[in-house]
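Participant: Please find the sequence and the predicted model below.
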Amino acid sequence: MTKLYGGMEGGGTKFVCAVGSGPDEIVEEVRFPTTTPGETLGQAIAFFHKYNLSAIGLAPFGPLDLNPASAAYGSITATPKPGWAGTNVVAAFQRTFDVPLAFELDVNAAAFGEYSWIPENRRLESLVYFTIGTGINAGIIINGKVTHGLTHPEAGHIRLPHDRKEDPFPGTCPFHGDCFEGLASGPALARRWRKPAETLPNNHPAWEQEAAYIAYALVNVILTLSPQRIVLGGGVMEHQPLFPPIRGKVRGLLNGYLASPVLTGTMEEYIVPPALGKRSGVLGALALAKSSV
Ligand code: ZN
C-alpha cells in the first residue's frame with residue numbers, strides 16, 4: 001500500500017493542507033484563512049487526523065526557530081502578526097500525532113518542493129527559490145539540502161542600490177526601510193504607485209523598475225551562491241512579462257564576467273517560474289514529510 005503523507009503550508013493569510021504521496025497523487029487538499037493560532041492549527045490537526053499518515057511536513061510563515069537543540073524549536077518567533085509570536089507549531093502537532101514531523105520555513109519548503117518533485121531540478125545540486133509577493137524571501141538548496149545557518153537565510157532583506165533621485169520612495173520594511181522587500185514587495189509597489197500591483201498596466205514604468213530591483217538581488221545571489229537555477233514565485237511574479245526584462249538586466253549587470261554559457265544565453269532555463277505553480281509550498285511540505293522517514 002502507498003504510504004500517505006501530510007503537508008501544511010501556513011501562510012499569513014491562508015493555510016493549505018494536503019494529504020497524498022506526490023503532486024499527482026493528492027487524496028485531499030483544503031485551504032482555510034489564517035485566524036488565531038488555536039483555531040487555525042486546530043483546523044489543520046483535525047484535517048490530518050482523518051488519515052493514517054506516515055509523516056507530516058509543517059511549513060508555516062516565519063521567522064521560525066529551526067534549531068532542534070533550542071527550547072523554542074518548532075516555534076514562530078518574532079512575527080508582527082497578532083497572536084502568533086511564540087506559537088509552537090510542532091508542539092501543537094506532537095500532542096495529537098506520534099509520527100515524524102518535519103518543520104521548515106514556508107519558502108524553504110517551496111524551494112524543496114520545486115527541487116524534489118521536478119526531475120530537471122533534481123538533476124541539479126543547487127537551486128534558489130524566491131517568493132516575491134506580500135513579502136520577499138528565498139529558500140536556498142545546496143547539495144540537495146535546504147540551507148540553514150545561525151537561523152535561516154532572509155534574502156528578502158538584502159540591500160540593493162537605491163537611487164533616491166530616480167525613486168524617492170523610502171521603502172516599506174519596518175526594520176530596514178529600503179531593503180529588497182521594502183522596495184519591491186507587492187505592498188511596496190501598491191504604496192509607491194498608489195494602486196494594487198495587479199492593476200498596473202503592462203506598459204507602466206513600475207514593471208521596468210521592479211525588474212531592475214529583482215535583477216540586482218539575483219546578481220547578488222548568483223555571485224555569492226552560484227546557484228544552478230533560480231525559480232521566481234509569489235504574487236508579484238504572476239506578472240509573467242517581468243521575466244524577460246529581469247533576465248536581460250541580470251545579463252547586463254553580470255556583463256560577461258562569469259564564464260558559464262547558462263548566464264550568457266537567454267537564461268530562459270535559468271531564471272524560471274515555479275514548475276509547481278502556486279503549489280510549491282504545500283507540495284514541498286509533503287516532500288519534507290516524505291524525506292523525514
Ligand atoms: Zn527589510
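Facilitator: Good, I have the coordinates. Numbering: from 1, shown residues only.
Participant: surely residue 62 meets residue 75?
Facilitator: No - using Cβ atoms under 8 Å, residue 62 is not in contact with residue 75; the gap is 10.0 Å. Where C-beta positions appear, they are placed from N, C-alpha and C, glycine not excepted.
Participant: Tell me which stretches of the stretch 151-293 of the chain form helices.
Facilitator: For the stretch 151-293 of the chain, the helices defined by DSSP state H, counting those that start in this stretch cover 180-184, 186-193, 205-225, 243-254, 261-264, 280-291.
Participant: deepest of these, which one?
Facilitator: helix 280-291 (a mean of 28; mean count of other Cβ atoms under 10 Å).
Participant: Wait, residue 142 touches residue 125, no?
Facilitator: Yes - in this structure, residue 142 is within contact of residue 125 by Cβ under 8 Å, at 7.2 Å.
Participant: Mind giving me the packing neighbours of the lowest-mean-pLDDT helix or strand in the chain?
Facilitator: Between all helices and strands in the chain, the lowest mean by mean pLDDT, DSSP states H and E belongs to helix 261-264, at a mean of 90. When contacts are defined as 3 or more Cβ pairs under 8 Å, 6 or more residues apart in numbering; DSSP states H and E, helix 261-264 packs onto helix 243-254.
Participant: neighbouring contacts of the helix it packs on?
Facilitator: Here helix 243-254 makes contact (Cβ atoms under 8 Å, 6 or more residues apart in numbering) with 207-208, 211-212, 214-216, 218-219, 222, 232, 263-264, 266-268, 270-271, 273.
Participant: average pLDDT across that helix?
Facilitator: Mean pLDDT, computed over helix 243-254, is 97.
Participant: and that helix with helix 205-225, angle?
Facilitator: Calculated by axes from the mean of the first three to the mean of the last three Cα atoms, to 10 degrees, helix 243-254 forms an angle of 50 degrees with helix 205-225.
Participant: so residue 127, which of the three states?
Facilitator: strand (DSSP: H, G, I helix; E, B strand; the rest coil).
Participant: tally of neighbours for it?
Facilitator: Residue 127: 24 surrounding residues under other Cβ atoms under 10 Å.
Participant: ditto for residue 232
Facilitator: For residue 232, using other Cβ under 10 Å, the count is 21.
Participant: interface residues of the stretch 51-200 of the chain facing the ion?
Facilitator: 157, 173, 175, 176, 179 (Cβ under 5 Å from the ion).
Participant: lowest-confidence stretch among the helices of the stretch 151-293 of the chain?
Facilitator: Minimum mean pLDDT among the helices of the stretch 151-293 of the chain: helix 261-264, a mean of 90.
Participant: Just the residues contacting that one, thanks.
Facilitator: So helix 261-264 is contacted by 222, 228, 250, 251, 254, 256, 269, 270 (Cβ under 8 Å, 6+ apart).
Participant: so where's the chain uncertain?
Facilitator: 1 (pLDDT under 70).
Participant: And the residue nearest the centre of it?
Facilitator: Relative to the mean C-alpha position of the chain, the nearest C-alpha, by Cα atoms, centre = their mean, is the one of residue 107, at 2.6 Å.
Participant: My read is that that residue contacts residue 139, right?
Facilitator: Yes - counting by Cβ under 8 Å, residue 107 touches residue 139, with 4.4 Å between them.
Participant: what's the first-to-last distance across stretch 30-42?
Facilitator: 13 Å (Cα to Cα, to the nearest Å).
Participant: Buried residues of it, list them for me.
Facilitator: 34, 37, 40, 41 (16 or more other Cβ atoms under 10 Å).
Participant: Could you list every helix and strand in contact with the helix or strand encompassing the third one?
Facilitator: Meaning residue 40. Per DSSP states H and E: residue 40 is located in helix 37-49. Counting contacts by 3+ Cβ pairs under 8 Å, 6+ apart, helix 37-49 packs against strand 5-10, strand 14-22, strand 25-33, helix 89-94.
Participant: Could you identify which of those is most buried?
Facilitator: Of the helices and strands packed on helix 37-49, strand 5-10 is the most buried (mean count of other Cβ under 10 Å), at a mean of 29.
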